[in-house]
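>>> From the sequence below, what's the structure:
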Amino acid sequence: QVRLVESGGGLVQAGGSLRLSCAASRSISTFDDMGWFRQAPGKQRDLVASITIGSIMNYADSVRGRFTISRDNAKNTVYLQLNSLKSEDTAVYYCNARSNIPHLDIWGQGTQVTVSS
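The predicted structure follows:
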């Protein structure tokens, strides 16, 4: 079973930047889709950004133009660059990996991002 470990979260002032990393315990090249989700207190977990095995990227409207997702198959790592951070970006950010065959839906433990205004 593959494990995902997020890192890079922390406390940052509004307007600042962070880079989140999601390291997998084995190759990510077989996953059809890898993504970042976030969950703020009292709210549901929502998609932030995703990237397919063919490097097609998708972003939530609230982060498009500010966040960038990328994947490095050689390092088994997915990144999320967060720029121009706002207080509403404060949440726990989770990495997710999905494949269709075999059916897998794997989550990391999350990393906290706190943006102070």
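
>>> need the longest strand for this protein.
In the chain, with assignment by DSSP state E, the single longest strand is strand 91-99.

>>> What pairs with it, parallel or antiparallel?
In the sheet, strand 91-99 lines up against strand 33-39 (antiparallel), strand 104-107 (antiparallel), strand 111-116 (antiparallel) (DSSP bridges).

>>> which residues does the residue most central in space within the chain form a beta bridge with?
By CA atoms, centre = their mean, the chain has its centre lying nearest to W36, at 2.6 Å. Beta bridges link W36 to A49, C95 when assigned by DSSP bridges.

>>> Surely E88 is in a helix?
Yes: assigned with DSSP: H, G, I helix; E, B strand; the rest coil, E88 falls within a helix.

>>> thinking again about what came up before, what's the offset of the longest strand of the chain from the middle of its chain?
5 Å (CA atoms, centre = their mean, to the nearest Å).

>>> How about stretch 16-29?
7 Å.

>>> what's the answer for stretch 56-71, then?
10 Å.

>>> Can you give me the buried ones in it?
Y59, V63, F67, T68, I69, R71 (16 or more other CB atoms under 10 Å). Yep, even glycine has a C-beta here, placed from its N, CA and C like the rest.

>>> and what of stretch 3-14?
Per 16+ other CB under 10 Å, stretch 3-14 contains these buried residues: L4, E6, G8, G9, V12.

>>> Cheers, nothing more for now.
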